[in-house]
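Novice: Return atomic coordinates for the entry below.
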Amino acid sequence: MTQKDDVLTTLRLPREILERAEILVPELKRHPELALTRLSRSLVLRLALMEGIEALEEKYLGKAGRK
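Specialist: Residues are numbered from 1 along each chain as shown. This next block holds a predicted model:
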C-alpha cells in the first residue's frame with residue numbers, strides 16, 4: 001500500500017485506538033479483498049483514515065471522495 005509519494009508523519013493516538021486496530025488485523029485477513037495484502041496495525045490505521053476522510057468529504061463537501 002506504500003506509494004512513492006507517501007509522506008511520513010507522526011501522529012499521537014490514544015492507546016485504545018491502537019488496540020482496536022490491532023484487534024482488527026486478524027479479522028481483516030479473512031476478507032478476500034484484502035487477501036493479497038500484508039496486513040498490519042499500520043495498514044488498518046491507514047484504511048481507517050482513508051475511509052474516514054471519504055466519509056467526511058461526503059458529509060461536508062457533498063462528494064464521494066477521491067478513489
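
Novice: Pull out the buried positions in the lengthiest helix in the chain.
Specialist: For the chain, the helix with the greatest residue count under DSSP state H is helix 41-61. Neighbour-count burial for helix 41-61 flags Leu43, Val44, Leu45, Leu47 (criterion: 16 or more other CB atoms under 10 Å). For the C-beta atoms, the positions are set from N, CA and C on the backbone; glycine is no exception.

Novice: now could you export just the CA positions of that helix as CSV?
Specialist: Taking C-alpha atoms only, helix 41-61 is exported to CSV below (Å, rounded to 0.1, in the frame of the first residue of the first chain):
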residue,chain,number,x,y,z
ARG,A,41,-1.8,-2.4,12.5
SER,A,42,-0.4,0.4,10.4
LEU,A,43,-2.3,-0.7,7.4
VAL,A,44,-5.5,-1.0,9.4
LEU,A,45,-5.0,2.6,10.6
ARG,A,46,-4.3,3.8,7.0
LEU,A,47,-7.5,2.1,5.8
ALA,A,48,-9.5,3.7,8.7
LEU,A,49,-8.0,7.1,7.9
MET,A,50,-8.9,6.8,4.2
GLU,A,51,-12.4,5.6,4.9
GLY,A,52,-12.9,8.3,7.5
ILE,A,53,-11.6,11.1,5.1
GLU,A,54,-14.0,9.8,2.4
ALA,A,55,-16.9,9.9,4.9
LEU,A,56,-16.1,13.4,6.0
GLU,A,57,-15.8,14.6,2.4
GLU,A,58,-19.1,13.1,1.6
LYS,A,59,-20.7,14.6,4.7
TYR,A,60,-19.3,18.1,4.5
LEU,A,61,-18.3,18.5,0.9
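
Novice: any idea of the mean pLDDT for it?
Specialist: Averaging pLDDT along helix 41-61 gives 94.

Novice: Remind me what it packs against, helices and strands.
Specialist: When contacts are defined as 3 or more CB pairs under 8 Å, 6 or more residues apart in numbering; DSSP states H and E, helix 41-61 sits against helix 15-28.

Novice: No further queries at this time; thank you.
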